[in-house]
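K.L.:
predicted structure and sequence below. I'll ask about it afterward.
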Amino acid sequence: MNEIVTKEDLRQFGLLLVDKIQAVFKDKDSERKETLEPEWIKSKSVRKLLDISAGSVQNLRTSQKVRFKKVLGSYYYNKEDLRKLFDDDKH
């Protein structure tokens, strides 16, 4: 059982190891990007994103077309609800 490890074996092992490590980091980066995108966005961002007035944002809230939360005097709107609202308008 005296197997000899050559320089070529070590080089191939090193390349394989580097590929595996890079794959792990790519997976972690994609997971982190998904979690960094906020699910709830502030009124001001909604107005900028949709190019609508503060009154229009309030109408979305009072008509219960989108979910919202009030935190310390600021309103936050559910991003997925906003997407669905405008996807429905396309159909």
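P.N.:
That came through, no problem.
K.L.:
all contacts plus neighbour counts: C-alpha atoms, from now on.
P.N.:
OK.
K.L.:
longest helix anywhere in the chain?
P.N.:
Across the chain, the helix with the greatest residue count (assigned by DSSP state H) is helix 7-36.
K.L.:
and whichever helix or strand comes after that helix, how far out from the chain's middle?
P.N.:
In the C-terminal direction, the helix or strand that comes right after helix 7-36 (DSSP states H and E) is strand 40-42. Between the centre of strand 40-42 and the centre of its chain there are 13 Å (C-alpha atoms, centre = their mean, to the nearest Å).
K.L.:
which residues sit against strand 40-42?
P.N.:
Contacts made with strand 40-42 from outside it, assessed by C-alpha atoms under 8 Å, 6 or more residues apart in numbering, are listed as 74-79.
K.L.:
what strands line up against that strand, and which way round?
P.N.:
Strand 40-42 has the following strand partners under DSSP bridges: strand 74-78 (antiparallel).
K.L.:
now do the buried residues in the partner strand.
P.N.:
By neighbour count, with 16 or more other C-alpha atoms under 10 Å as the criterion, the buried positions of strand 74-78 are 75-78.
K.L.:
do the same with stretch 62-77
P.N.:
66-68, 75-77.
K.L.:
kindly report the same for stretch 78-91.
P.N.:
Neighbour-count burial for stretch 78-91, with 16+ other C-alpha under 10 Å as criterion, is recorded at 78-79, 81-82.
K.L.:
how far is the helix or strand hosting Ser45 from where the chain is centred?
P.N.:
If you go by DSSP H and E, Ser45 is part of helix 43-50. Its chain's average C-alpha position is 18 Å from that of helix 43-50, according to C-alpha atoms, centre = their mean.
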